[in-house]
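Asks: sequence and predicted structure, then a few things I'm wondering about:
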Amino acid sequence: VLSSTTSTTTNNNNNIQGVDAATLQRLLDKHNIDPDDTHAKMTLQEAHSHKLAPLLPPDNKNNNIDTSQQYTIRMNTWHRNEQLLLSINHHAQCEGVAEIQIIWCDTLNDPPDSVLHHSSGKVKIERHDINSLNERFKIVLDTPTLGILSLDDDVLRPCEALDAAFLRWARHPERMIGFDVRTHVVVEVENSVDNDGGVVGKKNEEEEKKKKTTTNWKYGYMSTTEKSNSYSLTLPRASFLHKDYLDLYIMAMPRPIYLYVAQHFECEDIAMSFFVSSLTGGKPPLITDYWAVKSMGKLYSEKKISGGKDHKSARDKCVDRFAELLGVKEDGEWGPLQTAELVHDVDDPMFGYGAEPEDWDGMDELSLSSVRLKELVVTMKELKTKSYNDQLKWLKRKKYVTMKEAKKVGMIEKTEEWEKRWRSGEDET
């Protein structure tokens, strides 16, 4: 864990702007924020100067895990024990997984015994006293690897898809590697001038004497992202990050962002994606090949965590304000946030996806020490030579194996087993 020495450097972005004392006290009383986290321990400038810990081979005396070959899953969960166990059962089978850390923020209930004493021996429970989405990035237990797969409890993907993303991360450890992409939409706003010559609606009422065009940023859902064939952020519900970024999020994230996430239980995904982009000069996240993106299986849940009539407007505000505070807007210190092309070759849609697409053909598998990753590279090279239909068949087989257990118990929506479990009594009422 990074040093937590409180910085003496001042930074306006780290002040608790827009959060009154009463609101802050409510967050403390409800255990939505740790008292130690109300103020940042590092400035954003200091975070930019931080050098990421390098990936190193194992020290035979102290560590038998090669951090360039394996990764740690940090799984966020809340009152979805069936989904949690199904996810653990699948991911524990992946050779690349060194450990699965369950972020447990429920202080009133213990994890089920099947999770506490999972037969894989890979599962550890990380107990948190604070109930906040910020906690998914707060490392309490040390992680055995530098590569972290941040994962929601209802997301399944084949081990090969995770390995492909992990190998991409190991070659670019300073970047965030994701599966789910979104974009920001820039809307120009022309400020009107009042009778006294002041600009109406400006957040910082500066010495404005005439009309001036500014921009508001909005959140672009997947439909907008695909229509524009471009993206600028990824969602940590399934993404690889360097361990240091989690520590830096807790220590250096501007407190208005940190406190907003604690108060409203939303937008931590936007915050982390923009945060890493800020620390990398406005670069967008990297993403996996399209086949890996489309390999996802979603576990059914009766209660949806996100959504609602105010969801879009809230995310619009998060995108605009967070980008400003993290300095990645057009005039920001570490921006502007770049967008990247999604599909590069419509004739080869399964590969070549996103910024700096993976060059499997140019990769030398013999340079890898891991047999598992060598085999992955060979498989990818062979898959690229197949027809699109054969690629789809291969992907379908991988998804079938991944979702087999969940499908059997009716946890994959719109399958026959799901209809029988969740919809069989509807016709009788």
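Replies: Right, received. Where do you want to start? Please read all numbers here as calculations on a predicted model, not as lab measurements.
Asks: show me what counts as buried in the longest helix seen in the chain.
Replies: Ranked by number of residues, the top helix in the chain under DSSP state H is helix 388-408. Residues 391, 394-395, 398-399, 402-403, 406-407 are the ones in helix 388-408 that count as buried (16 or more other CB atoms under 10 Å). Yep, even glycine has a C-beta here, placed from its N, CA and C like the rest.
Asks: what of stretch 40-55?
Replies: 40-48, 50, 55.
Asks: which one of those residues is nearest residue 188?
Replies: Proximity of these to residue 188 (CB to CB) peaks at residue 44, which lies at 26.7 Å.
Asks: pLDDT value on that closest one, please?
Replies: Predicted confidence (pLDDT) at residue 44: the value is 96.
Asks: over to residue 397?
Replies: pLDDT, residue 397: 98.
Asks: repeat for residue 55
Replies: Residue 55 is given a pLDDT of 88.
Asks: which strand or helix spans it?
Replies: Using DSSP states H and E, residue 55 maps to neither a helix nor a strand.
Asks: which residues in the chain form helices?
Replies: 21-29, 44-49, 81-91, 113-116, 159-171, 222-228, 243-252, 255-264, 268-279, 290-293, 311-325, 371-384, 388-408, 416-422.
Asks: stretch 111-131 spans what distance, first to last residue?
Replies: 15 Å (CA to CA, to the nearest Å).
Asks: buried residues, that stretch. List them.
Replies: In stretch 111-131, counting by 16+ other CB under 10 Å, buried: 111, 115, 118, 122-123, 126, 128, 130-131.
Asks: tell me the contacts of residue 157?
Replies: The contact partners of residue 157, by CB atoms under 8 Å, 6 or more residues apart in numbering, come to 179, 238, 292, 295-297, 402.
Asks: ok, of these, which come out buried?
Replies: If we count by 16+ other CB under 10 Å, these have these buried: 179, 238, 292, 295-297, 402.
Asks: among the residues you listed, name the ones in strands.
Replies: 238, 297 (DSSP state E).
Asks: now, which of the buried ones among the contacts of residue 157 sits nearest residue 412?
Replies: Nearest member of those to residue 412, counting by CB to CB, is residue 297, at 6.3 Å.
Asks: ok, back up a step: okay, the buried residues of stretch 40-55 in CSV with distance to residue 68 next?
Replies: What follows is the buried residues of stretch 40-55, written out as CSV (distance: CB to CB, whole Å):
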residue, distance to residue 68
40, 31
41, 29
42, 27
43, 31
44, 29
45, 30
46, 27
47, 24
48, 25
50, 20
55, 5
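Asks: looking at these, which is nearest residue 90?
Replies: Of all those, residue 90 sits closest to residue 55, with 25.9 Å by CB to CB.
Asks: name the nearest residue to that closest one, sequence neighbours excluded.
Replies: residue 68 (4.6 Å; CB to CB, 6 or more residues apart in numbering).
Asks: what's the answer for residue 238, then?
Replies: In space, residue 238 is closest to residue 179, 4.6 Å off (CB to CB, 6+ apart).
Asks: any idea how far the one you found lies from residue 34?
Replies: 30 Å (CB to CB, to the nearest Å).
Asks: residue 410: neighbouring residues, count only.
Replies: 18 (other CB atoms under 10 Å).
Asks: surely it meets residue 424?
Replies: No - the pair residue 410 / residue 424 is not scored as a contact, 9.8 Å apart, by CB atoms under 8 Å.
Asks: from the chain's centroid, how far away is stretch 148-164?
Replies: Chain-centre distance of stretch 148-164: 11 Å, with CA atoms, centre = their mean, to the nearest Å.
Asks: I'd like the average pLDDT over it.
Replies: 98.
Asks: just the CA atoms of it, as CSV, please.
Replies: Provided in CSV are the C-alpha atoms of stretch 148-164 (Å, rounded to 0.1, in the frame of the first residue of the first chain):
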residue,chain,number,x,y,z
ILE,A,148,-6.2,-6.4,-10.2
LEU,A,149,-9.4,-7.6,-11.9
SER,A,150,-12.2,-5.4,-10.6
LEU,A,151,-15.3,-7.4,-11.0
ASP,A,152,-19.0,-7.3,-10.1
ASP,A,153,-20.6,-10.4,-8.6
ASP,A,154,-23.0,-10.9,-11.5
VAL,A,155,-20.5,-11.0,-14.4
LEU,A,156,-19.1,-14.1,-15.9
ARG,A,157,-16.6,-14.5,-18.7
PRO,A,158,-14.5,-17.4,-20.0
CYS,A,159,-11.1,-17.8,-18.5
GLU,A,160,-9.6,-17.3,-22.0
ALA,A,161,-11.3,-13.8,-22.2
LEU,A,162,-9.9,-12.9,-18.8
ASP,A,163,-6.4,-14.1,-19.8
ALA,A,164,-6.5,-12.1,-23.1
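Asks: pLDDT weak spots in the stretch 201-350 of the chain?
Replies: 201-213, 304-308 (pLDDT under 70).
Asks: contact partners for residue 412?
Replies: So residue 412 contacts 297-300, 403, 406, 418 (CB under 8 Å, 6+ apart).
Asks: reformat those residues as a markdown table; add distance to residue 26.
Replies: Putting the contacts of residue 412 into a markdown table (distance: CB to CB, whole Å) gives the following:
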| residue | distance to residue 26 |
| --- | --- |
| 297 | 38 |
| 298 | 34 |
| 299 | 33 |
| 300 | 34 |
| 403 | 41 |
| 406 | 38 |
| 418 | 40 |
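Asks: from those, pick the one nearest residue 104.
Replies: The closest of the contacts of residue 412 to residue 104 turns out to be residue 299 (CB to CB; 18.2 Å).
Asks: how much space separates that closest one from residue 86?
Replies: From residue 299 to residue 86 the distance is 6 Å (CB to CB).
Asks: so what sits against both of those two?
Replies: 156, 406, 411.
Asks: between those residues, which is nearest residue 277?
Replies: Of these, the one sitting nearest to residue 277 (CB to CB) turns out to be residue 156, at 27.2 Å.
Asks: and the closest one, bridged to which residues?
Replies: residue 297 (DSSP bridges).
Asks: check contacts around it.
Replies: With CB under 8 Å, 6+ apart, residue 156 has these contacts: 86-87, 90-91, 296-299, 402-403, 406.
Asks: mind doing that once more with 10 Å?
Replies: Contact partners of residue 156, counting by CB atoms under 10 Å, 6 or more residues apart in numbering, are 83, 86-87, 89-91, 238, 295-299, 399, 402-403, 405-406, 411-412.
Asks: mind listing the strands for the stretch 1-150 of the chain?
Replies: 71-76, 97-104, 123-127, 147-152 (DSSP state E, counting those that start in this stretch).
Asks: contacting residues around the third one?
Replies: Put plainly, it is strand 123-127. Residues contacting strand 123-127 (CB under 10 Å, 6+ apart): 72-75, 84-85, 88, 91-92, 99-107, 110-111, 114-118, 135-136, 138-141, 143-144.
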